[in-house]
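>>> One predicted model, sequence on top.
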Amino acid sequence: MIYVNGIKRLAAVIIIFVIRIYQKLISPLLGKNCRFYPTCSEYSVLAIKKYGPFKGSYIAVKRILRCNPFNEGGYDPLS
């Protein structure tokens, strides 16, 4: 079990690292366009930290798919 937990932890660290690079390098170029608070990228980091890399990524993708012109957005905390 230690090996599996180590792989999950490594996967989470890598995914969060990629999200942080996006937040620092790409997101400022795109401007403030997020419909939700917290932003989709911050929501993704929170989901991965709380639920792990696999379920957290699934939750993050569901949130990103909701970010469209047909959704008002607003405050959407991680539950």
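Now that the structure is in, tell me what you want to look at. Model, not experiment: these values are computed from the prediction. Numbers count the residues shown, from 1 in each chain.

>>> number of nearby residues for the nearest residue in space to residue 37 that is not next to it in sequence?
Spatially, and ignoring its direct neighbours in sequence, residue 37 is nearest to residue 75 (5.2 Å; Cβ to Cβ, 6 or more residues apart in numbering). C-betas here are computed from N, CA, C, even on glycine. Residue neighbour count, defined by other Cβ atoms under 10 Å, stands at 7 for residue 75.

>>> Ok, the one 3 residues further on next?
Residue crowding around residue 78 was assessed by other Cβ under 10 Å; the count is 17.

>>> Please give the element, helix or strand, for the residue positioned nearest the centre of the chain.
Centroid-nearest residue in the chain, with Cα atoms, centre = their mean: residue 44, separated by 1.4 Å. Per DSSP states H and E: residue 44 is located in helix 40-51.

>>> Run through who's touching that helix.
For helix 40-51, contacts defined as Cβ atoms under 8 Å, 6 or more residues apart in numbering pick out 12, 15-16, 19-20, 22-23, 27, 34, 36, 38, 55-57, 59-60, 63-64, 67, 76, 78.

>>> Now do the next helix or strand after that helix against helix 40-51, angle only.
Once the chain leaves helix 40-51, the next helix or strand it forms, by DSSP H and E, is helix 53-66. Comparing the axes of helix 53-66 and helix 40-51 via axes from the mean of the first three to the mean of the last three Cα atoms, to 10 degrees yields an angle of 150 degrees.

>>> what sits up against helix 53-66?
Here helix 53-66 has contacts from 8, 11-12, 15, 36, 40, 43-44, 47-51, 76, 78, using Cβ under 8 Å, 6+ apart.
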